[in-house]
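> just coords:
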């Protein structure tokens, strides 16, 4: 029996705050997900048009969610999901 936890479907909420255009997310998976296994779903309409949203900097412990423009005072709230079952 192993004590290593492997995520197959992990999800949570986060936000890119005012004045920023990215946030690093700690995913806690025992394996490194691919970009296709990470899903980002905005959950609010920010004050400013954020433009394109993308994920990069994927490692065995984290990934970075980016947007083109500062979301403004309302922030860019989003849900994220790592679906490593695919």
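Right, received. Where do you want to start? None of these values were measured; they are calculated from a predicted model. Numbers count the residues shown, from 1 in each chain.

> residue contacts, residue 73?
18, 47 (CB atoms under 8 Å, 6 or more residues apart in numbering). In this view, the C-beta of every residue, glycine as well, is placed from N, C-alpha and C.

> so when I look at it, I'm seeing a helix, right?
No: looking at residue 73 with DSSP: H, G, I helix; E, B strand; the rest coil, it is coil, so not inside a helix.

> so how far is residue 45 from it?
For residue 73, the distance to residue 45 equals 13 Å [CB to CB, to the nearest Å].

> Please apply the same query to residue 55.
As judged by CB to CB, residue 55 and residue 45 stand 21 Å apart.

> other SSEs contacting the lowest-mean-pLDDT helix or strand in the chain?
Lowest by mean pLDDT, DSSP states H and E among the helices and strands of the chain is strand 10-16, with a mean of 87. If you count contacts as 3 or more CB pairs under 8 Å, 6 or more residues apart in numbering; DSSP states H and E, strand 10-16 packs onto strand 22-26, strand 62-67, strand 76-82.

> now the angle from the last one to strand 62-67?
What that stands for is strand 76-82. 140 degrees (axes from the mean of the first three to the mean of the last three CA atoms, to 10 degrees).

> Just list the residues touching the nearest residue to residue 32 once chain neighbours are set aside, thanks.
Closest residue in space to residue 32, ignoring its immediate chain neighbours: residue 60 at 4.5 Å, by CB to CB, 6 or more residues apart in numbering. Listed by CB under 8 Å, 6+ apart, the contact set of residue 60 reads 29, 31-32.

> Between those, identify the one with the most neighbours.
Among these, the one with the most neighbours (other CB atoms under 10 Å) is residue 29, at 19 neighbours.

> Show me where this structure dips below the pLDDT cut-off.
Applying pLDDT under 70 to the chain flags the ranges 1-10, 86.

> Might one say that residue 80 is in contact with residue 43?
No: contact criterion CB atoms under 8 Å: residue 80 and residue 43 do not qualify, at 10.2 Å.
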